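Chemist: Structure, please.
(one chain, ligands or ions: 1)
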Amino acid sequence: SIEARDVAYHMHSYTNARAHQENGPVVIDRGEGAYVFDSTGKKYFEAMSGLWSAGLGFGEERLVKAASNQMAKLPYYHNFNSKSHGPAIDLAEKLISIAPVPMSKVFYTNSGSEANDTVMKLIWYRSNAMGTPEKKKIISRQRGYHGVTIASASLTGLPNNHRSFDLPIANVLHTGSPHHYRDAQDGETEEAFASRRAEELEQMILAEGPETIAAFIGEPVMGAGGVIVPPATYWEKIQAVLRKYDILLIADEVICGFGRTGQMFGSQTFGIEPDILVMSKQITSTYFPLSAFMMNERVFEPIADETNKIGVLGHGFTGGGHPVGAAIALETLAIIEERDLVARAQEMGAHMQSRLRGLSDHPLVGEVRGVGMIAAVELVLDKAAKTGGETPGALGVQANRRLEAKGVISRNMMDAMAFCPPLISAQADLDFMVDALAETLDEMQ
Ligand code: PLP
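Modeler: Residues are numbered from 1 along each chain as shown. So this is what the prediction gives:
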């Protein structure tokens with residue numbers, strides 16, 4: 001069977017390889033709108049947009065056409081040695097035009113991890129260019145997710161991305177996450193918690209020496225860490241500290257970008273003014289692997305000087321700015337604008353959030369959180385103690401399995417059930433998803 005061949009030949013990402021040998025895969029065969037179908041024909045509402053990524057769902061013909069037209073015209077070219085091509089130029093211009101703050105240049109990569117890896121390298125390169133070679137440390141956050149390459153996995157602040165990998169590498173520091181529900185002290189308000197996080201950041205900077213800190217990286221809303229929406233004043237307070245010590249701010253918008261939080265960028269939702277903004281996933285609806293980051297003049301200028309001094313920027317990827325990916329991204333952005341999917345994410349998001357919040361009083365629900373079209377429902381056995389079962393994550397795994405049986409694909413981050421449905425989801429799809437979750441919770445009681 002196809003399932004047996006998967007077990008025989010395919011090693012999976014983010015999977016317990018031994019459990020997979022026992023249980024086998026769910027093989028997804030085809031997509032249609034916000035739904036996918038498995039090899040047995042079973043239909044699922046894809047409440048995670050794949051991996052927080054297929055914003056336009058799984059059957060957008062216009063993206064297929066954009067890809068096939070570009071394939072026929074110029075299936076591949078690169079941007080090394082001053083070569084260029086129309087789709088990469090058009091997309092760079094488009095991204096700069098919709099940037100939440102003035103940006104100068106776009107650099108292309110193939111995955112979120114590669115983008116963050118490249119950002120880290122360019123920040124080091126810039127510090128050397130500026131004659132401040134000691135300014136190399138990058139502050140990330142516990143529970144943050146920035147990818148899995150050696151550098152980006154180091155930035156990631158989740159234990160399973162470090163354990164047995166001998167990570168993190170040097171020059172990466174982790175400060176506390178903005179997770180009020182889990183990390184606040186007893187009785188601490190969101191405002192007081194945000195102030196404490198900013199003070200802790202300042203203490204870390206002072207302890208390390210401000211002259212050694214190059215940048216701070218954060219997701220506007222943390223995704224893989226459990227959909228953590230920061231307190232209202234968190235980003236304002238963090239940015240005040242970064243400005244005081246001349247530290248660059250990197251917004252990792254790999255999940256938040258392109259409408260997810262109800263604005264084009266999460267930076268707009270949270271008043272973030274990044275020096276570097278990282279994008280991937282929804283940029284092509286993930287019909288093609290493409291990532292990119294924008295940088296402002298302050299970042300670009302010293303780097304440009306250094307390339308002139310050395311004679312070349314010794315960095316770049318064969319597939320960076322791939323014409324097919326760039327053509328799909330341009331069409332994705334055109335569709336987002338034509339169908340006003342950012343406003344729709346706000347409207348449908350408000351509906352989804354309010355329906356999910358309707359589950360708050362359920363005995364198994366510790367917290368419902370989210371903004372726009374991204375949310376999490378944190379499951380607990382003891383609401384007061386905020387604790388789950390003996391095995392952390394077991395509640396989430398069980399809920400996931402039950403939801404899947406009901407035709408909803410979700411994802412548990414330990415005991416937090418994440419929901420990140422396609423931006424094109426209809427209200428009835430979202431109701432189906434929330435009803436399935438409500439039934440699941442009742443069954444688990
Ligand atoms: N940054 C964020 C915020 C992400 O959510 C992810 C992936 O989930 C990444 C970076 C890494 O992207 P990729 O899996 O394309 O390497």
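
Chemist: residue contacts, residue 112?
Modeler: Applying CB atoms under 8 Å, 6 or more residues apart in numbering, we find residue 112 in contact with 146, 147, 152, 252, 254, 278, 280, 281, 291. All C-beta atoms are positioned from the backbone trio N, CA, C, and that covers glycine.

Chemist: you'd agree the fifth one is up against residue 113?
Modeler: Read that as residue 254. No - assessed by CB atoms under 8 Å, residue 254 is found out of contact with residue 113, at 9.2 Å.

Chemist: distance of the closest residue to the ligand within the stretch 201-350 of the chain from residue 16?
Modeler: Each residue of the stretch 201-350 of the chain has a distance to the ligand, by CB to the nearest ligand atom, and the smallest belongs to residue 254, at 3.5 Å. Using CB to CB, to the nearest Å, residue 254 is found at 25 Å from residue 16.

Chemist: which of the two has more neighbours?
Modeler: The neighbour comparison of residue 254 against residue 16 (other CB atoms under 10 Å) goes to residue 254, with 28 against 10.

Chemist: Specify the local secondary structure of the residue of the chain positioned farthest from its centre.
Modeler: When distances are taken from the C-alpha mean of the chain, residue 309 lies farthest, 35.2 Å away, according to CA atoms, centre = their mean. Of the three states, residue 309 takes helix according to DSSP: H, G, I helix; E, B strand; the rest coil.

Chemist: Quick check: buried residues in the host helix or strand of residue 355?
Modeler: Using DSSP states H and E, residue 355 sits within helix 341-357. Buried positions in helix 341-357, judged by neighbour count with 16 or more other CB atoms under 10 Å: 341, 342, 344, 345, 346, 348, 349, 352, 353, 355, 356, 357.

Chemist: Just read off the phi/psi values of the residue in the chain that the ligand sits nearest to.
Modeler: Relative to the ligand, the nearest point of the chain is residue 112 (2.2 Å; CB to the nearest ligand atom). Backbone dihedrals for residue 112, given as degrees, to the nearest 10, come out at phi -60, psi -40.

Chemist: helix or strand right after the helix holding residue 355?
Modeler: Stepping forward along the backbone from helix 341-357, the first helix or strand reached (DSSP H and E) is strand 365-371.

Chemist: ok now the helix or strand containing residue 199, how far from the chain's centre?
Modeler: Counting by DSSP H and E, the element that carries residue 199 is helix 190-208. Here helix 190-208 shows a centroid-to-chain-centroid distance of 24 Å under the convention CA atoms, centre = their mean, to the nearest Å.

Chemist: what's that helix packed up against?
Modeler: With contacts defined as 3 or more CB pairs under 8 Å, 6 or more residues apart in numbering; DSSP states H and E, helix 190-208 has these neighbours: strand 137-141, strand 172-175, helix 180-183, helix 234-244.
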